Every structure is written in structure tokens, then in C-alpha cells.
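# Following is a predicted model, sequence given first.
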There are 2 protein chains.
Amino acid sequence: MVTEQMGVARAPGRPRSEKAERAIVDATIDMLAEGTSVAELSIEAIATRAGVGKTTIYRRWSNKEDLVVDALATLKPPVPEPLGRSAREDIVRHLGAMQQETHDRRLRCITTIALSESDRYPHLAERFREIAIKPRREALRAIIQRGVDTGEFRAGIDVEMAMAALSGAMLFFTKWRDPKEELPADLAERITAQVLAGLHA
Amino acid sequence: MVTEQMGVARAPGRPRSEKAERAIVDATIDMLAEGTSVAELSIEAIATRAGVGKTTIYRRWSNKEDLVVDALATLKPPVPEPLGRSAREDIVRHLGAMQQETHDRRLRCITTIALSESDRYPHLAERFREIAIKPRREALRAIIQRGVDTGEFRAGIDVEMAMAALSGAMLFFTKWRDPKEELPADLAERITAQVLAGLHA
């Protein structure tokens, strides 16, 4: 309690506990972004970094995994609202937002950590999929389905595979490639054009 | 030295050092597969697990990162030889081999570790891309190019984006999805069919 009072700046009109919570979440995100794995992360180190006492953390989170899940949730990338003029345009915007994320070092590290440690922290991986992957996947499914409904896309396309091809292609470039390689500025357009057009002669 | 003699089984006709090397590499892979991150891995723990002395390890590898790279190299997944009858068939075989890998727990963990720790171990990530990603990418590029050359695929397709859509879709299912979800047995065929056919009405 004393540590919390010393470590957290006061401002009128904002409860002290909210400020402490923000400092704890920020410290967690910063440490993950710097390359600390979830396994290595300790409540003690987070408390020191946030300038609070360990009890302040344990009052809100019963364990490290729950704290990491809440920290990841604050980074939830925004899913762009479809414009509804054409499915193609909305797909490009959707993929463009995915590409934008790679410029945020914190988002980039954390996605990777959450996925790479899924064998060790299945609860964390599940919550992460719920928070960050599912809403985005549903948004893309709705765009493609609307394209089928309006006749822009063929009836009978394999929606699941089309979604995997579009998001997977963007993930391939943003997660699998050498991070030093410059990505083309029109990557979202190029992926969309190729997946829509297909390969057949 | 004494530890090495005690810890490694002897067999006639096979040099002792080769056996020790195998034990060290196996210990490294096992620990990574169990969820130990590269950061957490120590030469001491590897030596204990392999039943050798630390000096035996340092005689071959000057640091942990080099040992991990060599260990990853032994797991290099085979890239299937194209049959050359149709590009479509060779793409299905290529993606099928990628899917097969997910049944190998050791391969699955290690790929993820190598990628997730790329910010911390850029040399490791680079060697990994060289060993495991590049040969596979070149094989897929050659298959698609042959499809264009024979007229099975349209001239003027965006080969890079087609490759990203195909591999990315498979990675999307094998790396991004809930590992408890069963993957369809005909996943490679479904991805190939959709990416080849496109979405346009």
C-alpha cells in the first residue's frame, strides 16, 4: 500500500487504483515487448517496474497469466469498419490494418509471444484467440459473405479457405519473413488482387 | 571428459564424439520441444540432460545460439520432389507435407520458438530462415513457375502473392488456429482449389 502511494502519481478526479492498474499493465506490456517471455516474467519484476507493491498486483490478479491476458486485451488492434461499397475494397482495408500493426513493436512482439507459448499457457492462448483473433476473423468472413450475397463473388466459393488465403498471405509477409525486408506499400492490394483473380489460365 | 565417457553409450565402429554430439543435439531439441525458450536454455542444463560435460559442448559450439541452429538444422523438414504431371498436384503435395509436420510435436514447437525469438536472436532467426524456410519457398516458386510455363496457369499472375496465399493459408491453419481443433484431412486440396479458382464471379 505504501509502495503504491509512493510509486504512482496522483491526479484529482481519477482514482489512485486505476492509475496503479494502468502502470502495472504498461509494465507488463513493456517487458513482453522487450523480449521477456511469459515464462520468465515475474510478478516481482512487474511490481518493481510499475513502482507498486506486489500486493497491489495480487489484489487484482490472482496470477501472472491473468495479468498477461488483461495486458494483451488493452492492445487489441482495431478492426476497420467495412464501407460496404465493394467487398474488394473492404478486404484491402482489412488487410491494410493488419499490415499497419507490424509498425507497432509492442503489438508485434506480443502476438508472437502469445502464439509461441501456447503449449505452455493454453489458457492464455485461448483468451488471446478470443480477444484478438476471433473478432477479426468474423469481420473478414462477413465481408466475403457480403461479396457473395451481392454477386461480386461467385456463389459456392470456399469461404473458410478464402479467408485463410487472405489473412494467411498477410501473416506470411508480416510474421514469417525477414523483419529487415521492406514490405511493399501496396501489399494489401496485391494480395487481394491475386487471391480474387486466382491462378487458372 | 570423464562425464562424456560415462554418459554416452559405446558402439563399435562409431566414434564416441559423434554419439556425444547426437546426445547434445537431442537434448537441445527435447528441451525446446518441452517449452523451454532459447533465452531460458542453458549449456549446463543441456549437458546434464545429454549426460556429457559442459566442456564437451564448448569443444564443438562456442555458444548456445550456434548449438540451437545446428539442432534446428537436424529437424529440417523434407521438401517433396515435384512429380511434374501438373502444377496443381505438386502444390497439393507441397502443402500436404507442410500439414504433416504439425503432427510432429518437436518440429511444431521449434518452428514457433525460432520465429518468436527472432527479435532477441536475429542470427538464429536468419539461419533458421536459410535452413527451413528458403528451400521450401524456392520449391513452391518453381512449381508455380512451371505451371505458368506449361500454360496451366495464367501468364502475368503475381507469383509472390500466389505463394504467400498458398503457404500462408496452410500456416494460418497449422500455426494460428486453436491446436485442439481438428484440421480437415483434405486441407491441402481445399486451399489449392480455392487459391487456384479465385473469388470473382
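Yes, it's here.
# contacts, neighbours, all on C-alpha from now
Fine.
# which non-adjacent residue is nearest residue A:154?
Once flanking residues are discounted, residue A:154 sits nearest to residue B:201: 3.9 Å by CA to CA, 6 or more residues apart in numbering or on different chains.
# Where does the record place the domain boundaries for chain A?
As given by automatic domain parsing, the domain ranges for chain A are A:2-70, A:75-197.
# which residues in chain A form strands?
Counting by DSSP state E, one finds no strands in chain A.
# Show me what counts as buried in the biggest helix by length in it.
Counting by DSSP state H, the longest helix found in chain A is helix A:16-33. Across helix A:16-33, burial judged by 16 or more other CA atoms under 10 Å in any protein chain shown covers A:19-21, A:23-33.
# Repeat that for stretch A:57-66.
A:57, A:64-65.
# now stretch A:191-201
For stretch A:191-201, a neighbour-count test (16+ other CA under 10 Å) marks A:191-200 as buried.
# next one: stretch A:151-162
Going by neighbour count (16+ other CA under 10 Å), the buried part of stretch A:151-162 is A:152-153, A:155, A:157-159, A:161-162.
# For that stretch, measure first residue to last.
Taking CA to CA, to the nearest Å, stretch A:151-162 runs 16 Å from one end to the other.
# Same question for stretch A:71-79.
18 Å.
# can you pull out the helices in chain A?
Assigned by DSSP H, the helices in chain A fall at A:2-7, A:16-33, A:43-50, A:54-60, A:64-74, A:87-101, A:105-116, A:122-128, A:134-149, A:159-171, A:187-197.
# quick one: is the longest helix of chain A near chain B?
No - Helix A:16-33 lies out of reach of chain B by CA under 8 Å from any CA of the partner chain, never closer than 9.5 Å.
# Just give me how far that helix sits from the chain centre.
Taking CA atoms, centre = their mean, to the nearest Å, one finds helix A:16-33 lying 17 Å from the centre of the chain it belongs to.
# same question for that helix, mean pLDDT?
Taken as a whole, helix A:16-33 has a mean pLDDT of 89.
# now do stretch A:154-167
96.
# Stretch A:56-72 now?
91.
# End to end on that stretch, go ahead and measure it.
Termini of stretch A:56-72 sit 19 Å apart (CA to CA).
# Can you pull out the residues in contact with it?
Around stretch A:56-72, the neighbours that count as contacts under CA atoms under 8 Å, 6 or more residues apart in numbering or on different chains are A:1, A:4, A:20-21, A:24-26, A:28-29, A:38, A:41-43, A:47, A:110, A:121, A:123-124, A:127-128.
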